[in-house]
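**Student:** output the structure for:
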Amino acid sequence: MSTTMSEAVIAGADRATLEKLPLPDEFAAATVRLADIKMFQDTEDKDVQKSLSVEQVPMPELAPDEALIAVMASSINYNTVWTAMFEPLPTFQFLKQMGKAGGWEARHDLPYHVVGSDASGVIVRTGSSVRKWKVGDHVVVATAYVDDQDHETHRDGMLGQGQKAWGFETNFGGLAHYAIVRASQLMPKPALLTWEEAAVNPLCAGTAYRMLVSDRGAQMKQGDVVLIWGATGGLGSYAVQLVRNGGGIPVGVVNSREKADLLRSLGCEAVINRSEIEEGDATLLQRPEGWKKLGAAVRDAAGEDPHIVFEHVGRQTFQASVFLARRGGTVVTCGSSTGYQHTYDNRYLWMRLKRIIGSHGANLHEQWEVNRLFGMGRLLPALSTTYTLDEVATATRSVQTNQHIGKVGVLCLAPRSGLGVTDPQARERVGEDRLRAFRSGALPGVS
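**Tutor:** All right, here's what the predicted structure looks like:
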């Protein structure tokens with residue numbers, strides 16, 4: 001019986017073997033369907049387990065500037081939750097707009113959307129214009145899908161009109177056995193990490209890096225106090241590490257005693273359990289008395305008001321964030337998981353000379369800088385638990401309902417966890433315990 005491409009990739013076949021093998025006509029992928037976009041109308045609990053499914057989809061044709069990746073592992077990001085809820089709008093609108101551009105973009109306008117904005121895997125095909133990458137290379141995928149013919153892209157990849165979030169605003173994403181990416185999204189997989197450890201990092205770690213470290217973000221300096229909402233979540237867990245690495249003082253906000261204990265075990269000394277601040281009043285932090293109470297807790301934990309507030313929660317926290325930043329301080333925001341219509345008291349912004357910086361994703365240079373830190377063991381993967389592709393709906397539901405810590409990984413072609421390390425000496429130098437920190441500190445009920 002002849003070997004399939006997927007079997008060869010799993011077995012670690014060399015470039016020559018992979019180049020000779022035919023591609024499958026179809027492959028397994030996590031999808032949402034155009035026909036289902038109204039399924040949650042008038043429904044309070046938009047349970048993504050009802051809209052996400054794994055099905056066989058046709059293999060797309062490869063454009064000249066693209067690579068086909070055999071995906072070993074991927075991860076769940078909140079944009080997959082949005083896609084599966086069809087909010088704030090159905091992502092099929094993005095795909096339809098791509099289709100109108102014609103040419104290779106027309107492939108994306110389909111009645112199904114293959115989702116997922118992270119991936120690690122093996123290149124199995126390259127387009128005719130791809131120069132720096134070869135079949136057999138182990139790679140991770142940067143999320144930004146940019147238009148290199150847009151002049152703004154050459155100032156900053158995130159400013160180009162054609163910039164898109166891969167797997168959210170494009171089709172053929174990473175929660176699948178195969179994915180299509182542009183060559184300008186590729187980075188070498190850190191050799192000391194497993195497939196699943198490598199897969200969970202690019203989107204969230206790159207976003208946090210741009211927000212805090214890059215000259216496009218808050219430009220954190222040594223000694224800065226940084227208030228981090230959701231500090232054990234995907235974004236927050238990388239933010240805590242970046243602040244500590246850069247000589248800042250992270251103040252992590254979490255919503256339970258268990259998460260507070262985990263955060264302290266990971267080296268974040270200043271921790272605030274917001275449930276103790278709210279004392280059962282879920283709207284307290286949306287009112288001035290709540291802001292002041294939290295501000296006192298920040299000063300008690302760190303000795304000062306925050307120079308930077310790391311904001312991604314949105315409507316439930318944004319007005320508190322504007323208040324809490326010190327005079328001349330900065331609120332840097334990359335998202336709004338609790339709602340994108342924000343209100344805040346503008347007096348605290350203009351009279352105290354604060355700044356609000358919008359930040360989105362990361363350009364390729366920023367992603368490479370972050371990837372280098374993972375390769376050196378200076379940043380650690382925030383992987384807490386791993387599901388199989390067949391369990392992707394359950395995995396996404398855990399993120400939708402905030403029942404996770406760190407990052408949730410998904411095994412795609414990888415048959416089990418723990419595979420993909422090609423530099424065991426480097427892994428040993430960093431230490432297995434450190435690399436597994438989020439798993440060893442997992443919450444009850446999270447494996």
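
**Student:** CA atoms for contacts and neighbours, from now on please.
**Tutor:** Noted.

**Student:** pull out the buried positions in the longest strand seen in the chain.
**Tutor:** Counting residues, the longest strand found in the chain (DSSP state E) is strand 66-76. Neighbour-count burial for strand 66-76 flags Glu66, Ala67, Leu68, Ile69, Ala70, Val71, Met72, Ala73, Ser74, Ser75, Ile76 (criterion: 16 or more other Cα atoms under 10 Å).

**Student:** and those residues, which is closest to Arg257?
**Tutor:** Using Cα to Cα, Ile76 is the member of the buried residues of strand 66-76 that sits closest to Arg257, with 24.4 Å.

**Student:** which residues does that closest one contact?
**Tutor:** Ile76 makes contact with Gly116, Ser117, Asp118, Val200, Ala395, Thr396, Val399, Lys407, Val408, Gly409, Val410, according to Cα atoms under 8 Å, 6 or more residues apart in numbering.

**Student:** and the first one, what element?
**Tutor:** This points to Gly116. Assigned by DSSP states H and E, Gly116 falls within no helix or strand.

**Student:** check the last one too.
**Tutor:** Under the assignment given by DSSP H and E, the secondary-structure element containing Val410 is strand 407-411.

**Student:** just the closest of the buried residues of strand 66-76 to Glu279, please.
**Tutor:** Ile76 (30.8 Å).

**Student:** so what pairs up with the closest one in the strands?
**Tutor:** Val408 (DSSP bridges).

**Student:** next one: Val139
**Tutor:** Beta-bridge partners of Val139, counted by DSSP bridges, are Gly121, Pro188.

**Student:** where does pLDDT dip in the stretch 51-200 of the chain?
**Tutor:** Applying pLDDT under 70 to the stretch 51-200 of the chain flags no residue at all.

**Student:** and Thr338, helix, strand or coil?
**Tutor:** Classification of Thr338 using DSSP: H, G, I helix; E, B strand; the rest coil returns coil.

**Student:** what about Pro90, distance to Gln163?
**Tutor:** Per Cα to Cα, to the nearest Å, Pro90 is found 18 Å from Gln163.

**Student:** repeat that for Thr333.
**Tutor:** Plainly put, Thr333 is 18 Å away from Gln163 if you go by Cα to Cα.

**Student:** next: Arg107.
**Tutor:** The gap separating Arg107 from Gln163 is 17 Å, by Cα to Cα.

**Student:** need the contact list for the closest residue to Gly173 other than its chain neighbours.
**Tutor:** Closest residue to Gly173 apart from its sequence neighbours, by Cα to Cα, 6 or more residues apart in numbering: Gly167 at 3.9 Å. Neighbouring residues of Gly167 by Cα under 8 Å, 6+ apart: Val114, Val115, Gly116, Ser117, Gly173, Gly174.

**Student:** export the helix or strand where Arg125 lies to PDB, keeping only CA atoms.
**Tutor:** Per DSSP H and E, Arg125 falls inside strand 120-126. The C-alpha trace of strand 120-126 is given here as PDB (Å, rounded to 0.1, in the frame of the first residue of the first chain):
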ATOM      1  CA  SER A 120       3.100  24.900  13.100                       C
ATOM      2  CA  GLY A 121       3.900  22.300  10.500                       C
ATOM      3  CA  VAL A 122       5.900  21.200   7.500                       C
ATOM      4  CA  ILE A 123       6.100  22.800   4.000                       C
ATOM      5  CA  VAL A 124       4.900  20.300   1.400                       C
ATOM      6  CA  ARG A 125       4.600  22.600  -1.600                       C
ATOM      7  CA  THR A 126       5.800  26.100  -2.600                       C
END
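
**Student:** the stretch 301-447 of the chain: helices as residue ranges?
**Tutor:** Counting by DSSP state H, counting those that start in this stretch, the stretch 301-447 of the chain has helices at residues 318-324, 347-350, 364-376, 392-400, 424-430, 432-435, 437-440.

**Student:** returning to that earlier point: more neighbours, Thr333 and Gln163?
**Tutor:** Thr333 (23 against 19; other Cα atoms under 10 Å).

**Student:** which ones are touching the closest residue to Arg327 other than its chain neighbours?
**Tutor:** In space, and not counting its chain neighbours, Arg327 is closest to Arg352: 4.8 Å by Cα to Cα, 6+ apart. Going by Cα under 8 Å, 6+ apart, Arg352 touches Arg326, Arg327, Gly328.

**Student:** show me which of the residues you listed are buried.
**Tutor:** The neighbour-count criterion (16+ other Cα under 10 Å) marks Arg326, Arg327 among these as buried.

**Student:** before I go, just wanted to say thanks for your time.
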